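1. take a look and give me a structure for this.
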Amino acid sequence: MNETNQAAPIKDTAKKGGMYVAFELSRKKWKLGISDGKTMRARVVTIEARDWKRLKQEIEKARERFELEADAPVRSCYEAGREGFWIHRALEGMGIENIVIDAASMDVKRRKRAKTDRIDAEGLVRQLIRYWRGEHDVWSVVRVPSEEAEDSRQMHREIEVLKRERGQHRVRIQSLLFTVGLDVEVTAGLMKQLDPLCRWDGKPLPEGMKERIRREYERLKVVEIDLAALKKQQREKLASKQSSPSLEKIRKLKQLRGIASGSSWVFVMELFGWRQFRNRREVAGALGITPMPYQSGDSAREQGISHAGNRRARTMAIEIAWSWLRYQPDSRLSRWYRERFGSGGPRLRRIGIVAMARKLMVDLWRYVEFGIMPEGAQLKVAA
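-> From the prediction side, this is the model:
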């Protein structure tokens with residue numbers, strides 16, 4: 001959900017008059033900050049969460065109070081969070097012009113300040129008014145995917161979760177055995193080796209520990225079965241005759257050496273399958289790998305990358321950059337990396353691989369969208 005680079009400017013319609021509604025969301029209550037953009041203070045009301053009937057009533061009350069015309073537009077916003085985008089779609093369905101805000105992009109006072117839902121709602125509606133009056137840099141707007149694009153992310157995200165769970169189960173088993181002086185690799189034959197295993201002093205493993213390891217191993221097996229089933233389903237989709245713009249882009253990407261099904265799936269489903277980029281800066285911004293300089297007086301330094309974009313795609317991009325060096329050694333990007341960072345130490349090479357990942361993702365975007373082959377890159381040889 002973290003596609004948070006600046007959205008395209010919205011046509012300024014604030015001068016025509018309208019209502020501004022800011023949502024401060026919580027599990028049980030929603031705090032609404034409502035203003036017409038002219039009064040000094042916003043009207044703040046509290047409603048039950050998901051009470052759409054009450055929301056419509058409050059909007060109508062505010063319309064009468066602010067003496068707005070029946071066709072005056074209603075514009076709203078809320079901060080991106082665990083609610084995702086269903087509230088955005090519900091508001092759009094009601095005819096409300098809604099935007100979803102990246103909370104990390106909002107200016108916050110550096111001094112200690114009071115914080116309540118009421119204060120937050122009032123501040124949010126003031127910023128919403130500024131945004132609609134043309135101050136589009138007041139915050140960053142989250143790009144909202146279609147329901148189909150959002151649903152297509154479920155498979156690879158579940159694979160990511162299962163891989164993490166698999167690692168946790170393996171480490172837990174190894175840690176249990178390590179407490180009694182055993183350094184054992186967790187393999188498919190571990191259960192057959194469990195009974196003969198002895199502790200550091202030659203005594204057999206305690207029964208309670210063996211039972212716990214068996215239960216942990218059973219949970220590991222369930223995770224591995226689910227993981228294998230998902231990967232098989234992913235391969236079957238790519239091998240089938242099923243056609244869609246996203247699947248075609250995945251098939252196209254995986255033809256390049258150094259890029260497999262898993263990485264191409266992540267790149268397309270997280271970014272290239274539904275986002276429309278206008279230039280290379282937007283690609284880097286969506287990944288959160290744009291440099292962040294700091295300059296004040298005589299002080300000038302780099303703060304690293306922004307980390308403001310899609311975490312999954314950014315992690316995969318850096319991983320594939322290392323793979324690209326290995327499998328595409330004659331490409332322009334690989335030569336550039338070796339000339340610029342190859343003779344440096346480990347830290348310089350790590351910094352360089354992020355810069356290379358940024359350039360690589362721009363090249364891959366041009367490849368899937370416009371068919372421009374990365375310079376010097378090679379396709380996989382058909383078996």
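2. list the contacts of Ala300.
-> If a contact means Cβ atoms under 8 Å, 6 or more residues apart in numbering, then Ala300 has Pro293, Tyr294 as its contacts. C-beta: built from backbone N, CA, C; applies to glycine.
3. outline the domain layout of this protein.
-> 14-144, 151-242, 246-293+306-370 (automatic domain parsing).
4. in which helix or strand does Ile129 reside?
-> Secondary-structure element containing Ile129, defined by DSSP states H and E: helix 117-132.
5. next, count neighbours for the nearest residue to Arg157 once chain neighbours are set aside.
-> Closest residue to Arg157 apart from its sequence neighbours, by Cβ to Cβ, 6 or more residues apart in numbering: Arg312 at 7.4 Å. Neighbourhood size, Arg312 [other Cβ atoms under 10 Å]: 19.
6. which one of the domains of the chain is the most hemmed in?
-> domain 246-293+306-370 (a mean of 18; mean count of other Cβ atoms under 10 Å).
7. what about that domain, start to end distance?
-> Its start and end residues considered, domain 246-293+306-370 measures 14 Å (Cα to Cα, to the nearest Å).
8. what residues are up against the residue lying closest to Arg54 once chain neighbours are set aside?
-> Spatial nearest neighbour of Arg54, excluding adjacent residues (Cβ to Cβ, 6+ apart): Ile47 at 4.5 Å. With Cβ under 8 Å, 6+ apart as the criterion, the residues that contact Ile47 are Lys29, Trp30, Leu32, Arg54, Leu55, Glu58.
9. so which strand or helix has the fifth one?
-> For Leu55, the host element (DSSP H and E) is helix 52-65.
10. list the neighbouring strands of the very next helix or strand once past that helix plus their orientation.
-> Beyond helix 52-65 on the C-terminal side, the first helix or strand identified by DSSP H and E is strand 74-79. The partner list of strand 74-79 in its sheet, established with DSSP bridges, is strand 19-25 (parallel), strand 97-101 (parallel).
11. for the ones you listed, give me JSON lines that also has mean pLDDT and distance to Glu135.
-> Converted to JSON lines, those look like this (pLDDT from 0 to 100; distance: least, Cβ to Cβ, whole Å):
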{"stretch": "strand 19-25", "mean pLDDT": "96", "distance to Glu135": "13"}
{"stretch": "strand 97-101", "mean pLDDT": "97", "distance to Glu135": "13"}
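12. make a markdown table out of the ones you listed and add distance to Lys231.
-> Listed next are those as a markdown table, based on distance: least, Cβ to Cβ, whole Å:
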| stretch | distance to Lys231 |
| --- | --- |
| strand 19-25 | 36 |
| strand 97-101 | 32 |
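13. of the ones you listed, which approaches Arg113 most closely?
-> Using Cβ to Cβ as the measure, strand 19-25 is the one of these that comes nearest Arg113, at 15.7 Å.
14. give me the angle between the closest one and helix 117-132.
-> Compare the direction of strand 19-25 with that of helix 117-132 by axes from the mean of the first three to the mean of the last three Cα atoms, to 10 degrees and you get 140 degrees.
15. centre of the chain versus the helix or strand following strand 19-25, how much separation?
-> Later in the chain than strand 19-25, the nearest helix or strand by DSSP H and E is strand 29-35. Chain-centre distance of strand 29-35: 27 Å, with Cα atoms, centre = their mean, to the nearest Å.
16. what's next to strand 29-35, contact-wise?
-> 19-24, 42-49, 51, 55, 58-59, 62, 117-118, 120-122, 124-126, 129.
17. what is the mean pLDDT for it?
-> Per-residue pLDDT values over strand 29-35 give a mean of 96.
18. do you know how far Trp200 is from Leu271?
-> 51 Å (Cβ to Cβ, to the nearest Å).
19. Asp120 now?
-> Asp120 sits 31 Å away from Leu271, taking Cβ to Cβ as the criterion.
20. who's in contact with Ala90?
-> Trp52.
21. contacts only, for the nearest residue to Ile351 once chain neighbours are set aside.
-> The shortest distance from Ile351 to any non-neighbouring residue, by Cβ to Cβ, 6+ apart, is to Phe341 (7.4 Å). Remark: with contacts taken as Cβ under 8 Å, 6+ apart, Phe341 is in contact with Leu348, Arg349, Ile351, Gly352, Ile353.
22. closest one to Gly376 among the domains of the chain?
-> Each of these has some distance to Gly376 by Cβ to Cβ; the shortest is domain 246-293+306-370, at 3.8 Å.
23. mind listing the strands for the stretch 251-383 of the chain?
-> Using DSSP state E, counting those that start in this stretch, the strands assigned to the stretch 251-383 of the chain run over residues 291-296, 299-305.
24. turn those into CSV, including distance to Met373 and mean pLDDT.
-> Supplementary listing: those in CSV, determined by distance: least, Cβ to Cβ, whole Å; pLDDT from 0 to 100:
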stretch, distance to Met373, mean pLDDT
strand 291-296, 27, 82
strand 299-305, 27, 82
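25. pretty sure Arg166 sits against Leu220.
-> Yes - here Arg166 lies in contact with Leu220, judged by Cβ atoms under 8 Å, at a distance of 6.6 Å.
26. distance check, the residue lying closest to Met361 once chain neighbours are set aside against Gly95.
-> With Cβ to Cβ, 6+ apart as the criterion, Met361 has its nearest non-adjacent residue at 5.1 Å, and that residue is Ala317. Relative to Gly95, Ala317 is positioned 39 Å away (criterion: Cβ to Cβ).
27. what does Glu319 give?
-> In this structure, Glu319 and Gly95 are separated by 44 Å, where distance is defined by Cβ to Cβ.
28. check Gly345 too.
-> To Gly95, Gly345 is 59 Å away according to Cβ to Cβ.
29. can you map out the helices along the chain?
-> If you assign secondary structure with DSSP state H, the helices in the chain sit at 52-65, 86-93, 117-132, 147-151, 154-178, 190-194, 207-239, 245-253, 261-267, 280-287, 311-327, 332-341, 346-370.
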